[in-house]
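Q: Structure of the sequence below:
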Amino acid sequence: MADDNHRGVRLLCRPKQLNTKGSDPGIHFWLVGSPFLPPLTVASFLRCIHSLPSSSLPDFHKESEDLRTLLPKGFELIGAVASGEDSDARAAVDAARSLRKLLYREGRDCQLIGAVCGSDSGDLRFFVSESGNATSLEAVPSVIEERDSEKCLWENACLLRCELPIKLPVYYALKNPTDVEKAYVQAIEALIAKLRDPQAVYMLETTNKTSLDIPLSVIIRGVQLDFYADLSKIKTLAEDDDGSNASSLSCSYFSNHSKAGSPVFSAENADTIQVSVLFNSFGTSSASTVPVAEYFPVEEEARLLVVDIKLDVLCYSSRELPLKYAVSSLIIPGLVDQLNTVQKLMLPNLLAQHPQPKSYHFSPSGILHPITVFYELSFGETEMKQVEVRRSLHSRLGLPYDRPLLRISNALDFSKVKSIGMISLQKGSTLLRDVHFGIPSSGVTGGTVSLVQGSYEYFHYLHEGYNDSGWGCAYRSLQTIISWFRLQNYTSIEVPSHREIQQTLVEIGDKDPSFIGSREWIGAIELSFVLDKLLGVTCKVINVRSGSELPEKCRELALHFENQNTPVMIGGGVLAYTLLGVDYNEASGDCAFLILDPHYTGSDDLKKIVNGGWCGWKKAVDNKGKNFFLHDKFYNLLLPQRPNMV
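A: The predicted structure follows:
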């Protein structure tokens with residue numbers, strides 16, 4: 001250990017909303033570090049969100065259940081933050097120690113940080129407890145705020161990922177269906193034992209398939225693993241080790257050493273090692289064996305339930321960690337924790353609702369390390385139970401509540417191809433995006449331009465060879481609007497086809513079954529129904545008696561684009577357009593509308609679209625007296641509201 005006079009806490013980040021003035025006394029944040037970082041290095045502050053009733057003490061049981069799932073292996077709890085005076089640092093250390101006992105189920109001594117936040121100033125003061133037996137705390141003489149936090153965390157680190165789909169056969173007696181829970185628990189326990197079996201085999205390989213020199217896969221056998229190692233005390237690979245023994249190879253064996261230019265340090269750009277579990281035996285036997293079938297007679301009528309589980313574990317590791325410890329101390333404990341989490345999520349409704357919990361990994365802005373979240377897929381993203389789960393996560397991570405940072409569409413995508421110096425998608429949409437960029441000005445003198453914010457895709461007649469000319473303009477406008485919600489990560493659903501839009505309207509009872517496959521036109525009301533059903537998006541509908549009255553709505557439309565940011569659909573008669581913005585002079589009343597016209601039938605040639613006026617500024621009445629909007633037609637304006645929820 002370094003001399004106490006030179007010991008200091010290193011902060012890779014600062015907590016959000018640190019000022020605890022007016023807050024209840026107690027624990028406000030947990031401090032997260034890693035055995036792969038220098039001692040007393042804080043990688044993140046996670047808010048304590050569960051307290052015991054009528055008490056300032058944390059609900060350690062609920063906190064441990066949350067953090068065990070949330071924190072990838074390779075990160076760990078190293079302290080806590082309390083509000084009050086210096087004497088409250090002891091309470092912070094004690095709370096951190098109590099939570100560690102639940103999280104890690106071990107009693108090893110380690111340094112713990114007790115931080116105190118002044119209720120008035122919001123300043124942090126740090127104290128350190130050397131071990132569990134220490135009765136005194138030592139004030140930390142220096143606090144270093146790291147300038148290049150991402151580099152500090154990721155320069156010498158990598159990720160390990162293990163996907164493990166499992167089908168668990170569970171038998172239970174029909175006369176006593178409650179036995180299914182006992183059978184399920186036993187099946188999980190047997191699977192956990194199998195993960196630690198000496199005959200289990202783990203294959204490690206790189207996900208960097210674009211490298212010119214792809215390392216060979218490495219096989220680690222269960223008999224080579226050490227489940228009692230202390231990561232903070234594991235020695236890295238010796239310099240003279242030639243790597244002839246696969247179990248002695250380190251994670252750096254799979255590192256991409258050919259990265260050109262300035263490297264980008266982040267979870268998305270970290271080298272990732274894929275770990276596969278092979279439940280077979282590599283051992284040799286002198287005795288010949290033949291397949292054996294065992295018969296177990298059932299005394300009463302029974303039923304088979306096959307439980308489908310998809311585990312997905314992500315771990316953080318030093319490049320220098322030997323691979324055998326990466327498996328035994330990171331991957332296997334991560335799989336065990338996920339199995340226990342899935343068990344708790346599924347047991348209450350195993351027979352009735354067939355739960356579908358699945359883990360996703362996120363790297364939200366402002367959080368240096370990835371996090372892992374379980375979502376119940378049978379709920380749907382917009383169901384309130386799922387919304388409350390995300391809201392709780394936003395609270396713990398200090399994330400804003402009006403941005404969909406933890407929706408499924410924002411999860412880390414490991415199907416991306418990591419090439420030299422960048423990440424490129426294997427597949428992606430070929431649709432034109434944001435076609436209004438660079439178009440000529442509106443011609444409104446002294447006006448204020450208010451535009452859609454964020455990307456969208458241009459859907460129009462005959463797209464992908466589907467002939468909807470003459471009737472599908474509102475469908476195309478709806479597709480453009482839904483693409484905006486997709487690209488802003490408010491939803492992960494695919495943009496629906498015409499038939500899927502029609503099926504949705506039939507499912508909610510708005511249309512008869514004969515509507516499916518028809519060429520019947522739809523309007524603003526139907527669009528609002530579909531957005532509500534598929535995305536949970538509410539809409540505001542404005543009625544306008546004729547096109548000549550549209551300029552009277554410019555102020556309201558400008559406010560919509562400034563506050564809600566979403567594209568708008570204008571429908572009148574049998575015509576529909578997508579509105580992307582307005583240019584409005586409040587003093588003179590002069591205005592123009594930025595129209596994206598879905599009636600275009602040509603190829604996706606941006607120059608042709610802009611020069612042909614299919615995307616451009618239109619006035620209700622131009623200086624030649626020409627009317628773009630028909631004056632004798634009734635218009636509806638559909639204004640989708642940006643969800644003010646996580």
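Q: Next SSE downstream of the least confident helix or strand in the chain by mean pLDDT?
A: Ranked by mean pLDDT, DSSP states H and E, the weakest helix or strand in the chain is strand 422-424, scoring a mean of 36. Of the helices and strands lying after strand 422-424 in sequence (DSSP states H and E), the nearest is strand 448-451.
Q: hmm, who's touching that following strand?
A: For strand 448-451, contacts defined as C-beta atoms under 8 Å, 6 or more residues apart in numbering pick out 436, 442, 557-559, 561-562, 580-586, 594. (Each C-beta comes from the backbone N, C-alpha and C, glycine too.)
Q: same check, this time on stretch 169-183
A: Contacts of stretch 169-183 (C-beta under 8 Å, 6+ apart): 184, 187, 298, 300-307, 347, 350-351.
Q: Filter the residues you listed down to the buried ones.
A: 184, 187, 305, 307, 350 (16 or more other C-beta atoms under 10 Å).
Q: which ones among these are found in helices?
A: 184, 187 (DSSP state H).
Q: By pLDDT, give me the weakest of the buried ones among the contacts of stretch 169-183.
A: pLDDT is lowest at residue 350 among the buried ones among the contacts of stretch 169-183; the value there is 81.
Q: okay, now residue 362: neighbour count?
A: When neighbours are defined as other C-beta atoms under 10 Å, residue 362 has 21 of them.
Q: isn't it right up against residue 409?
A: No. Under the criterion of C-beta atoms under 8 Å, residue 362 makes no contact with residue 409, lying 10.7 Å away.
Q: got any ranges where the stretch 301-450 of the chain has weak pLDDT?
A: Flagging of the stretch 301-450 of the chain using pLDDT under 70 yields the residue ranges 353, 381-382, 416-429.
Q: what about the helices in it?
A: 323-326, 332-346, 384-397 (DSSP state H, counting those that start in this stretch).
Q: Contacts for the last one, please.
A: With contacts defined as C-beta under 8 Å, 6+ apart, helix 384-397 is touched by 46-47, 49, 66, 70, 364, 366-367, 371, 373, 375-376, 379-380, 399-401, 405-407, 645-646.
Q: Look up how far residue 40 lies from residue 33.
A: 8 Å (C-beta to C-beta, to the nearest Å).
Q: Show me the domain layout of this structure.
A: The chain breaks down by the TED database into domains covering 8-154, 156-232+266-281+299-415, 448-640.
Q: how far does stretch 471-485 sit from the chain's center?
A: Offset of stretch 471-485 from its chain centre (C-alpha atoms, centre = their mean, to the nearest Å): 26 Å.
Q: Quick one: mean pLDDT over that stretch.
A: Rounded mean pLDDT across stretch 471-485 is 96.
Q: before we move on, what about stretch 117-136?
A: Stretch 117-136 comes out at a mean pLDDT of 77.
Q: Do me a favour and get the end-to-end distance for it?
A: 19 Å (C-alpha to C-alpha, to the nearest Å).
Q: so residue 234 makes contact with residue 318?
A: No. Using C-beta under 8 Å as the test, residue 234 is too far from residue 318 to be in contact (9.3 Å).
Q: So for the two, which residue has more residues nearby?
A: residue 318 (22 against 17).
Q: can you pull the contacts of the more buried one?
A: Contacts of residue 318 (C-beta under 8 Å, 6+ apart): 36, 156-158, 236, 251.
Q: Now the helix or strand hosting residue 69: buried residues?
A: Residue 69 is part of helix 60-70, with elements assigned from DSSP H and E. Neighbour counts using 16+ other C-beta under 10 Å place 60, 63-70 of helix 60-70 among the buried residues.
Q: helix/strand/coil for the residue lying closest to residue 527 once chain neighbours are set aside?
A: Excluding the flanking residues, the one nearest residue 527 by C-beta to C-beta, 6 or more residues apart in numbering is residue 478, at 4.9 Å. Under DSSP: H, G, I helix; E, B strand; the rest coil, residue 478 falls in the helix class.
Q: mind listing what residue 154 touches?
A: 265-267, 269-270.
Q: ditto for residue 498
A: By C-beta under 8 Å, 6+ apart, the residues touching residue 498 are 466, 468, 472, 475.
Q: Next, work out how far apart it and residue 480 are.
A: Residue 498 sits 14 Å away from residue 480, going by C-beta to C-beta.
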